[in-house]
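**Student:** need a structure here:
(one chain, ligands or ions: 1)
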Amino acid sequence: MTRWLVTGAGGMLGTDMVATLTSRGEPVTGLDRAGLDVTDAAAVTDAIAGRRPDVVVNCAAWTAVDDAEASEERALAVNAGGAANLAAACAGLGARLVQLSTDYVFAGDAGRPYAENDVPAPRTAYGRTKLAGERAVLDRLPGSAFVVRTAWLYGAHGPSFVGTMLKLEDRRPTVDVVDDQHGQPTWTVDVARQIIALVHSTAAPGIYHATSSGQTTWFGLAREIFGLLGADPARVRPIPSSALSRPAPRPAYSVLGHSAWAGPGIPPIGPWRTALRHAVPDLVAAQRDSASAG
Ligand SMILES: NC(=O)c1ccc[n+]([C@@H]2O[C@H](COP(=O)([O-])OP(=O)(O)OC[C@H]3O[C@@H](n4cnc5c(N)ncnc54)[C@H](OP(=O)(O)O)[C@@H]3O)[C@@H](O)[C@H]2O)c1
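**Tutor:** Next up, the predicted model:
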């Protein structure tokens, strides 16, 4: 029986990671930020020594992409310092570590999907801090760490583009959405399932890409969401990224390749449209619950 510990368990992915493990009867301890601040090295050592997990999944992160531009040191403390603390504690006890990472480690200007071993070249503070986290983990645990990069995440337990569109469909006659950034919308539940499959396989340590297959733009995604809600997709109108000014530049091309899954024989996550169709009822129900709660 594999004992799991999930950090950042109060976040969007962390919540679904713990729920998916629990639904499969796997023993899991979820620690949210109040339960374990990953930047506190002594607390990390104590938490891991006390619970002796076989696998730690680090879902804790500074994820405010724009805020990181002005606060890179603070973002680094969480995204790299926290990862390093966990890796050192895992190394001491022989536990494996799954470190979540992001498409933002790449420049976002490729003409084909990024391979797991493509050279990273982050263009944002957030991307630099996440890349430093990858390296901290792979350097300290070369034989027993997985870096799982994901992108364009949505889930029932946190803010996301999909959640925003579900709300805006109800509130606005039309919505303007950028149509020149390409990526793979990915459901947190699919990432959790992929991580569980990875840990239970004979996969070699290293980097894996956990994103849906296929690709679209934010505009294409918004139109698909409107269609699933029975609304007229033509209410979503395309705009260029240049119409929005943001502190951190958004990658134009965030599509990740999935070749590494062939090693352990794990099928990559399926098409983004299929996942969205399964997820939207969950997200709508979660929004309804939170609206009625207050
Ligand atoms: N969301 C995406 O589209 C996306 C895309 C690519 C990769 N990722 C990666 O996927 C992972 C999960 O992201 P997510 O979307 O689930 O993010 P999230 O909802 O923001 O969850 C991150 C969690 O980490 C917690 N946290 C922050 N600082 C911490 C600290 N010092 N110690 C412990 N916990 C801390 C946050 O708590 P507070 O809320 O209290 O700050 C939050 O609950 C991250 O590694 C992220 O970089 C996400």
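**Student:** Gly263: what's it in contact with?
**Tutor:** Ala203, Ala204 (C-beta atoms under 8 Å, 6 or more residues apart in numbering). In this view, the C-beta of every residue, glycine as well, is placed from N, C-alpha and C.
**Student:** Now do it, the pLDDT please.
**Tutor:** As predicted, Gly263 sits at a pLDDT of 97.
**Student:** Against Gln194, how distant is it?
**Tutor:** 14 Å (C-beta to C-beta, to the nearest Å).
**Student:** cool, Ala252 as well?
**Tutor:** 25 Å.
**Student:** Do you have the helices of this protein handy? List them.
**Tutor:** Taking DSSP state H as the criterion, the chain carries its helices at 12-23, 41-51, 65-70, 72-76, 83-93, 125-140, 161-171, 188-199, 218-228, 272-293.
**Student:** Report the buried residues of the second one.
**Tutor:** For helix 41-51, burial by neighbour count (16 or more other C-beta atoms under 10 Å) applies to Ala43, Val44, Thr45, Ala47, Ile48.
**Student:** likewise the first one?
**Tutor:** When neighbours are counted by 16+ other C-beta under 10 Å, the buried residues of helix 12-23 are found to be Met12, Leu13, Gly14, Thr15, Asp16, Met17, Val18, Ala19, Thr20, Leu21.
**Student:** and if you look at the last one?
**Tutor:** Within helix 272-293, the residues that qualify as buried by neighbour count (16+ other C-beta under 10 Å) are Trp272, Arg273, Ala275, Leu276, Ala279, Val280, Asp282, Leu283, Ala286.
**Student:** do the fifth one as well
**Tutor:** Buried residues in helix 83-93, counting neighbours by 16+ other C-beta under 10 Å, are found at Ala83, Ala84, Asn85, Leu86, Ala87, Ala88, Ala89, Cys90, Ala91.
**Student:** what do you get for the third one?
**Tutor:** Neighbour-count burial for helix 65-70, with 16+ other C-beta under 10 Å as criterion, is recorded at Val65, Asp67, Ala68, Glu69.
**Student:** Now do it: which elements does it pack against?
**Tutor:** helix 125-140 (3 or more C-beta pairs under 8 Å, 6 or more residues apart in numbering; DSSP states H and E).
**Student:** For the helix it packs on, what does the pLDDT average out to?
**Tutor:** Average pLDDT, helix 125-140: 98.
**Student:** before we move on, back to that, can you say which of the helices of the chain is nearest to Ser259?
**Tutor:** Comparison of the helices of the chain against Ser259 by C-beta to C-beta identifies helix 188-199 as nearest, at 14.3 Å.
**Student:** pLDDT (mean, whole number) over the closest one?
**Tutor:** Averaging pLDDT along helix 188-199 gives 98.
**Student:** for it, packing partners?
**Tutor:** Secondary-structure packing of helix 188-199 (3+ C-beta pairs under 8 Å, 6+ apart): helix 12-23, strand 96-102, strand 145-150, strand 153-154, helix 272-293.
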